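**Q** fold the following and give me the result.
(chains A and B)
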Amino acid sequence: MVKTRFAPSPTGYLHIGGARTALFNYIYAKHFGGKFILRIEDTDLERSLKAYEEDIVKSMKWLGLVSDEPVLYQSQRLDIYKEYCQKLLAQGKAYNCYCTANSLEEDKNKLIAEGKKPMYSGKCRNLSDDEQNLNLPHVVRFKTDRSDGNKFTKFKDLIRDQFVSVNHSEIDDFVIMRTDGIPTYNFAVVIDDALMGITHIIRGDDHLSNTPKQVLLYEALGFEPPAFAHVSMILGNDGKRLSKRHGATAVMQYKNDGFLPEALINYLVRLGWSHGNDEILSIDEMIQYFDLKHISKSAGVFNKEKLLWLNAHYIKQKTAEELVSLINDINATNIENENNNAEKGEIIQYSENVAVLIDALKPRAKTLVEIKEKMGFYLNKGALSYDTNLLGEIDKFKLNELNNNEYNDNSERKESAADEVIYFLNQLMDFVKNLQLNTLSLNGVGCLNFIKESFDGFFSKNKWSLKHKAMLIRIALTGEKISPGIYEVIFALGEARTLQRINDFIEFVRKNKFLL
RNA sequence: GGCCCCAUAGUCUAGCGGUCAGGACGUUGCCCUCUCAAGGCAGUAACACGGGUUCAAAUCCCGUUGGGGCUACCA
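**A** Presented below is the predicted three-dimensional model:
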């Protein structure tokens, strides 16, 4: 059975590079009906943090990448590593090293100064029992085979579909057990992967150079090495390895910024893997089609524009009701997470008005956060504070569209413009009152149609056109120059708030007449 | 520096000896249109360079250049 794992270290939040590696492991295992396991590599006591650990678990859950077995923590398996270390020691495949950090540093600097490769001198490699004192601080080093001056260790990489081989002269007698008895990465990974029965290791290619060491360890321990597949790194738009300075890298940040997990997953799977010309893939399709053969060997640049496009796509697939709960979920998250970009705010109450509004907003937003922002005029329960720069739009307003009458001077024209605006808005108020929206027993679409038809009549009766009147209505109702269609806005707002806002706006125009 | 890996448009990629080098994001123009989007149509743009192998190379080989990784008692 195929068994894969994702083994992050909790020294930082789960970032999108890790998420992609996890995804590849997950869909690869599922493709073969196998298992996927999450393992936390917390052997770096200095840098590992509980908060990061929790973030990783939470992020994986959000992405839907669930572990098929209980999450494993290396810090809870210390005895196991010790046992295997003893085994290697007993077999003479590893040795205790008493060299101090200082002397190691000196040796290293000397070698660098001489232009040589900085490697361990091998001073403790052949100490006799008499020369050993286990009470002294010491590490355990792996005894790399140097019997043949031209010995190579090789392994096959499934993504490159070729062998990578390294001369033992390049492999140091690396430390497998630290002074404090905690295993190093290379040692713990091998033991865990072997004991867990991992069949395929899919990981970042920053581990490519570590693999020969691990292969050596598999051999020394008497384990069968798994298959290796090294995925290239994700780069920022400057071509450098992706990091915080490129903007958001943490998975949870994307949640807070209003991205859907399916969009992130879809983006990530296509960054480095392809299935012909397919761009939109559900997780089931990914599982069905995934293979190592079509994983790209070269590094990929993270492109937020394309992620946004995918996010917009998946937003359009959601129902208004789903979107409401998704948006509310972000806000719930933000209460506990202070470093967020999303707007704090009250919970959106689902209703038919909200549904119509959100359906209108769906094609206009690339993120959930954007939807909420664009709903601002609706969510604002009180009076709008109209910005005086809106007066520029009002200035363009013409009551009688066919009439190109000239004014004697500018002030006359402006005075007249304000009067025309107010006249129109009063007409509009009467019209809206007559609609009697409250008494209608129509559903959302039906009501929208009714509003549209009524407006058609209202405009044609007065020889007006929607084209020339819509902006003023939009501004009065939303305080913005950009919004969904005005019929949707009116439906969402409902009769009382629509009338109130028109009234408020009339007051605003009266007050600012002189600014026109 | 040494070792390892990589190289198709601005970006993600298809391609696996013979293609008008295909798709997607972006971008540009047009259409639609109550604003803004969405949508539709059209356009733009690539095989890093130099040698081989071959009747034929984006595809195979070797260099060069460029990028990345490792070179820790980090992972």
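
**Q** let me see the contact set for the closest residue to RNA strand B within the stretch 351-500 of chain A.
**A** Going by Cβ to the nearest atom of the strand, RNA strand B is nearest to residue A:485 of the stretch 351-500 of chain A, at 2.7 Å. All C-beta spots, glycine's among them, are computed from the backbone N, C-alpha and C. The contact partners of residue A:485, taken as Cβ atoms under 8 Å, 6 or more residues apart in numbering, are residue A:360.

**Q** pLDDT at it, what is it?
**A** We note a pLDDT of 98 for residue A:485 in this prediction.

**Q** roughly how far apart are it and residue A:63?
**A** Relative to residue A:63, residue A:485 is positioned 35 Å away (Cβ to Cβ, to the nearest Å).

**Q** and if you look at residue A:4?
**A** Counting by Cβ to Cβ, the gap from residue A:4 to residue A:63 is 15 Å.

**Q** the two: which is more packed in?
**A** residue A:4 (27 against 22; other Cβ atoms under 10 Å).

**Q** am I right that the more buried one is in contact with residue A:37?
**A** Yes: with contacts counted by Cβ atoms under 8 Å, residue A:4 reaches residue A:37, the gap being 7.4 Å.

**Q** overlap in contacts, these two.
**A** Contacts common to residue A:4 and residue A:37, judged by Cβ under 8 Å, 6+ apart, are residue A:198.

**Q** what about the helices in the stretch 101-250 of chain A?
**A** Using DSSP state H, counting those that start in this stretch, the helices found in the stretch 101-250 of chain A span residues A:101-113, A:185-196, A:211-221.

**Q** return the residues of the stretch 51-200 of chain A in contact with RNA strand B.
**A** Proximity of the stretch 51-200 of chain A to RNA strand B (Cβ under 7 Å from any atom of the strand) is limited to residues A:99-101, A:104, A:108, A:115, A:117-119, A:137, A:139, A:160, A:162, A:164, A:166-167, A:170, A:172, A:174-175, A:178-180, A:182, A:184-186, A:189.

**Q** buried ones only from those, please, as a PyMOL command.
**A** Buried residues among those (16 or more other Cβ atoms under 10 Å), as a PyMOL selection:
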select buried, chain A and resi 99+104+119+139+164+166+172+174+175+178+182+184+185+186+189
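
**Q** next step: the residues of the stretch 51-200 of chain A next to RNA strand B restricted to strands.
**A** Under the assignment DSSP state E, those contribute A:139, A:162, A:164, A:166-167, A:175 to strands.

**Q** at the contact with RNA strand B, which residues of the stretch 351-500 of chain A appear?
**A** Counting by Cβ under 7 Å from any atom of the strand, the residues of the stretch 351-500 of chain A that sit close to RNA strand B are A:363-365, A:466-467, A:470-471, A:474, A:481-488.

**Q** just the buried ones from those residues?
**A** By neighbour count, with 16+ other Cβ under 10 Å, these hold A:365, A:466, A:470-471, A:474, A:483-484, A:486-488 as buried.

**Q** show me which pair in the residues you listed is furthest apart.
**A** Put simply, by Cβ to Cβ the two of those set farthest apart are A:365 and A:466, 24.0 Å from each other.

**Q** if we can go back for a sec, just give me the closest of the residues of the stretch 351-500 of chain A next to RNA strand B to residue A:90.
**A** residue A:365 (64.3 Å).

**Q** hang on, isn't that closest one packed against residue A:358?
**A** No: between residue A:365 and residue A:358 there is no contact under Cβ under 8 Å: 9.2 Å.

**Q** shared neighbours, the two?
**A** residue A:371.

**Q** just to revisit the earlier point, among the helices of the stretch 101-250 of chain A, which is nearest residue A:393?
**A** helix A:185-196 (62.3 Å).

**Q** so what touches the closest one?
**A** Contact with helix A:185-196 is made by A:3, A:5, A:7, A:9, A:37, A:39, A:41, A:43, A:72, A:74, A:77, A:80-81, A:84-85, A:142, A:174, A:176-177, A:183, A:198, A:201, A:210, A:213-214, A:217-218, A:221, A:223-224, A:226, as judged by Cβ under 8 Å, 6+ apart.

**Q** with just CA atoms, put that helix into CSV.
**A** Only the C-alpha atoms of helix A:185-196 are listed here, as CSV (Å, rounded to 0.1, in the frame of the first residue of the first chain):
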residue,chain,number,x,y,z
TYR,A,185,16.7,15.8,11.3
ASN,A,186,18.5,13.3,9.1
PHE,A,187,18.4,10.6,11.7
ALA,A,188,14.9,11.1,13.0
VAL,A,189,13.3,11.2,9.5
VAL,A,190,14.9,8.0,8.4
ILE,A,191,13.8,6.1,11.5
ASP,A,192,10.3,7.5,11.4
ASP,A,193,9.8,7.0,7.7
ALA,A,194,11.0,3.4,8.0
LEU,A,195,9.0,2.6,11.1
MET,A,196,5.9,4.2,9.7
